[in-house]
Every structure is written in C-alpha cells, then in structure tokens.
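S.K.: Quick one, what's the 3D model for this:
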Amino acid sequence: MAVPLAFFGVFFAYPVTAIVLRGLKDGGRWRFGRVGEVLTDPAIGHVLWFTTWQAAASTALTLALALPGAYVFARFDFPGKRLLRAVVTVPFVLPTVVVGSAFLALLGRGGLLDEMWGVRLDTTVWAILLAHVFFNYAVVVRTVGGLWAQLDPRQEEAARVLGAGRFAAWRRVTLPALAPAVAAASLMVFLFTFTSFGAVQILGGPRYATLEVEIYQQTAQLLDLPTAAVLTLLQFVAVAVLLGVHARTVRRRESALRLVDAAHTARRPRGPAQWALLGGVLTVIALLVLVPLVVLVLRSFDGPDGYGLAFYRALASAGGSGGTFTVAPLEALGNSLAYALAATGIALVVGGLAAAALTRRAGRLVRGFDALLMLPLGTSAVTVGFGFLITLDEPPLDLRTSWILVPLAQALVGVPFVVRTVLPVLRAVDARLREAAAVLGASPLRAWREVDLPLVGRALAVAAGFAFAVSLGEFGATVFIARPDSPTLPVAVSRLLGRAGELNYGQAMALSTILMLVCATALLVLERIRTDRSGEF
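M.R.: Numbering: from 1, shown residues only. Below you'll find the model as predicted:
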C-alpha cells in the first residue's frame, strides 16, 4: 500500500488540499465566512440546483434507454453481439470534448438536424441530457447486463411453474437480484454526470453550468480562488457520499448472490416479442450511439469546397489554425500518444500494487484505501490541474516545466480503472497455489511472478487498454498544465472549438475523429483479448 498511498498523497491530496487552503486563507487567517457567502449566493444556488437536477434527469433517462439493452446483451445470442458490445462502449472511453463535438455536429448550427428540419438543440438542456446518455449507456449495459447474464434463468422459470405470470416472476425473482447492480450503475452514472465538464461547456453555452464548469470559470477566468475552494469542498463531500453508497451497494451484491457461467444463459430470440425487443434496442443504439459518431466523421470531411481532406491537410500546418497554436495541430496526436503511454505505465504500477494490497488485506482501513483510489474520478479535475501549478513548483518537486506533469495527472484517472479491472481476477486466484509455491521454496516475489502474473496477464492487458484510453481523453486537469507548444488532442479540440471560423470548426471535427478512431481501436483490441464477463465494469 505504500507506493499507491505515496502517489495519491503527493499528486492528489497535496495539490487539492493546497488550493483549497489557499482559497480559504487570507494572510494566515481563515475565511470560513466565505463558505456561507458562496452557498447563499443565488447564482451559485442555481448552479447547484442545475448540477443536481441534470444529473438526476440524465440518470433516469439513461436507465430507461439502457436497461432493455442490458437484458438483450445478457439473455440473447445474435450475430455481431461481441462487436456491438464493443461499439456501445466506445462513447464511454471517448473524451468528453469529442462527445461534445459529435453532438455539436448533430444538434448545433449547421448540424444534421439544422440542415434537415431547421432544428437546433445546442445551448439547450436536451443536448446535455442526450450527450450524457450517449456517454453512459455502456455503464448500465455492462454493469447491469454483466450481472444479469450470470443470474440463473431457472429461478425465474421455477416461479413461472408455480403460477406466477411473466412480469410477476421478473418483479419478485429477477428484479431483487438485479437491484444492487441497478443501484450501482445509477450511482456511477449520477457521479459522472454530476461532475460533467467538457460536454456541458461545449453544448450548454453560457446558460448552463455544472459545479465543475463553475469551478473552472471561477479559477481560470475570474481568478476567484475562495469561491472555487468552497465549490471544490462541496463537490468533494457529495462525491465522497456517493462513493460510500456505491461501495456499500457493491458489497451487498457480492455477498448476496449465487452466480452461474454467463456463457450458458444466452440463447437466440424466440417469438415476435423478443425479436421486436432486439430490433428496438438495435434501433436505439443506431440512433443514440452510431448517428452522432457518423455525423462527426462526415462533418470532418465537409470542407468549404465540398467533401474532401481540406480540414485534415490544415492540421499539418501551424498557420492553418489561425494562430490558435504555435505548432501544427496534428502534433497534438504524437503528444497525446506519448503522454498516454507514460500515464498507462504509471497507472499499471500504482494500480497493480493497490489491487494486490486490496486482495490480501481486509478491514475498514483497506476499505477506506479502496475509496481513496476512486476519489479522482469524482474530484474536480480542474482543481487538481490548477493545484499542480501552484504546488509542484519548488524543489524537489519542481515539475511545472517537466513533460511528466501531464502523464501524472492522467494516471490519476487511469488508476481506478486498473484497480477495478485487475482486482476481481486477483481475488479469483486460489490462495493455495501461492501457499504451494511457498512450500516448494519460492520467495513471495517469485510466487507472484510464476503464479499470479500468468493468471492475471490478460486482465493487466485490459487494464492497460482502459488506462490508455482514459488517459488519452483526460481534459479537465490537462487543460491547465499542457504547454502551448505541446497540446494534447482534447486540449487542441477545445481550443479550436473556442475560436470562430469554419476552418477552426472543421479542424476540431477532424481532430475529434482521429481521437475517436484511436480510442475505438484500443477498445476493439481489448474486446478480443478480454475473457471475463463479470459484473465489474
């Protein structure tokens, strides 16, 4: 536990604490009165209300559209199922700025709806809600569907034999078993939408702001650190409560269910109703997931002289961005790949050690350690990024001009995915294998190398892929610490979208398409090497 604790202490707790303390102190004196001023400000109250309301609405809409999909992926066997499972997961690993770009191309000015019917939904709450459903659809499908596929269907069939109707059997047998997974998925979706940043910033316009967007505006634009500090603490408390509820829900699920092999529960659809359900789910996936991505690609080719590669060619020239960058925007691709590879290596080391510690120890201390590992997913990335700038500026941690600063920030969001992917596999390793190796004279290191490592090799590869994808798309912290001459792809897309002109917009679509293809390729590779289909996302 020492290495993960040191990593999170130096690169997460220290920057976040430092920026909060700087905001709440004035000349060595505490300004706790600022907390009341911020929380009673009507403008901040509106932000809090909108943050909570849109997160609840996004969660409800995601559940309504994704639960039928979870059932289809769990119980039906049809051609292309494995590929489609990977496709619906692509939005989850996409950077939020790419999600915003895709829906801007679909719903914004000159978008598909605008050209066909004269309808624009950008700068409306509907654009934000749809983007959140697009992003979180896979969370419900994988979390609920993964568990649903492992529930023994004979239990529901037994209820039918005893006289229960189809709906009554589902409500009394299957739903109670699924309830913890549905609750866990709901909490995850609520958490991701509660801390939403990129999609709201791009699609919401000046009218809508979540806590994360408000923290960014108070920090980067208004330089009001006291207000940003109070909002950071508020978000931190809310996220800590959500993570606590989520951990309790997951523990209930693990202890209460008896699961079967998912490979034996799926079958071909039978009857018109099941085929209609499959067709409806495929239609939702096509409209919700595929259409925004296809429109994004088409907009990247729709140049001033018709369809072509004009926007892609402009990416190779620094002058083609209208002064937005000091280097060619396409260089952001190389920067992003290099940063993401370094971040993946850091995340594997830190997350792998953390997973090993969680496997071999128990108790409240370790459960608290597990919750600590998840906090970066819900803590303001803006606060972390700005905290890096004001804390890591003195020896021996003077890193503000070092390239490693960006991978460190990206690794913070990669570690939780490594832990959640590797931990279930490590827990499944029979402890007697290690004991037998020890009896035969193997040291703990050799036992780990020759017993655990071969068994968790695939899980480590999957964890590396997820860490790479999420590192590639990290935006909230990177937007502060990426140097102007070394932008990452998400930062480049955001800067291009923030400048007027068809050329900048087209280049943003082109860069978003490139980033989408890189993430999708990584995910498809993961699906080919992944063997487990457990309820863990």
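S.K.: Low-confidence regions, the stretch 101-250 of the chain specifically.
M.R.: Where the stretch 101-250 of the chain drops to pLDDT under 70, the residues are 246-250.
S.K.: Please give the number of neighbouring residues around the closest residue to residue 460 other than its chain neighbours.
M.R.: Ranked by C-beta to C-beta, 6 or more residues apart in numbering and with sequence neighbours excluded, the top spatial neighbour of residue 460 is residue 422, at 6.4 Å. The way it works is simple: take the backbone N, C-alpha and C, and place the C-beta from them, glycine included. Using other C-beta atoms under 10 Å, residue 422 has 25 other residues around it.
S.K.: check which helix or strand covers residue 422.
M.R.: Using DSSP states H and E, residue 422 sits within helix 405-428.
S.K.: nearest spatial neighbour of residue 399, skipping sequence neighbours?
M.R.: Nearest to residue 399 is residue 392, by C-beta to C-beta, 6+ apart, at 4.4 Å.
S.K.: Show me what whichever strand or helix holds residue 200 is packed up against.
M.R.: Using DSSP H and E, residue 200 maps to helix 198-203. Packing partners of helix 198-203 (3 or more C-beta pairs under 8 Å, 6 or more residues apart in numbering; DSSP states H and E): helix 96-107, helix 125-148, helix 211-216, helix 489-497.
S.K.: Deepest in the core, which of the ones you listed is it.
M.R.: helix 96-107 (a mean of 28; mean count of other C-beta atoms under 10 Å).
S.K.: who touches it?
M.R.: 91, 111-114, 120-122, 127, 130-131, 134-135, 196-199, 201-203, 291-293, 295-296, 298-299, 473, 475, 490, 493-494, 497, 508-509, 512, 515-516 (C-beta atoms under 8 Å, 6 or more residues apart in numbering).
S.K.: doesn't residue 404 make contact with the residue nearest to residue 399?
M.R.: No - using C-beta atoms under 8 Å, residue 392 is not in contact with residue 404; the gap is 10.0 Å.
S.K.: These two - which one has more neighbours?
M.R.: The neighbour count for residue 392 versus residue 404, taken as other C-beta under 10 Å, is higher for residue 392 (21 against 14).
S.K.: Tabulate the helices and strands packed on helix 198-203 in JSON lines, adding columns for distance to residue 190.
M.R.: Output for those, formatted as JSON lines (distance: least, C-beta to C-beta, whole Å):
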{"stretch": "helix 96-107", "distance to residue 190": "16"}
{"stretch": "helix 125-148", "distance to residue 190": "9"}
{"stretch": "helix 211-216", "distance to residue 190": "13"}
{"stretch": "helix 489-497", "distance to residue 190": "23"}
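S.K.: how far away is residue 285 from residue 427?
M.R.: 32 Å (C-beta to C-beta, to the nearest Å).
S.K.: er, residue 290 actually
M.R.: 36 Å.
S.K.: buried residues in whichever strand or helix holds residue 17?
M.R.: Secondary structure assignment for residue 17, by DSSP H and E: helix 14-24. Neighbour counts over helix 14-24 (16 or more other C-beta atoms under 10 Å) mark 14-16, 18-20, 22-24 as buried.
S.K.: Contacts for that helix next, please.
M.R.: Taking C-beta under 8 Å, 6+ apart as the rule, helix 14-24 contacts 30-32, 34-35, 225-230, 232-233, 236, 379, 383-384, 386-388, 390-392.
S.K.: Okay, buried residues for stretch 285-299 please.
M.R.: So stretch 285-299, judged by 16+ other C-beta under 10 Å, has buried residues 285, 288-289, 292-293, 295-297, 299.
S.K.: List just the nearest of those residues to residue 309.
M.R.: residue 297 (12.6 Å; C-beta to C-beta).
S.K.: So the closest one, which state does it fall into?
M.R.: helix (DSSP: H, G, I helix; E, B strand; the rest coil).
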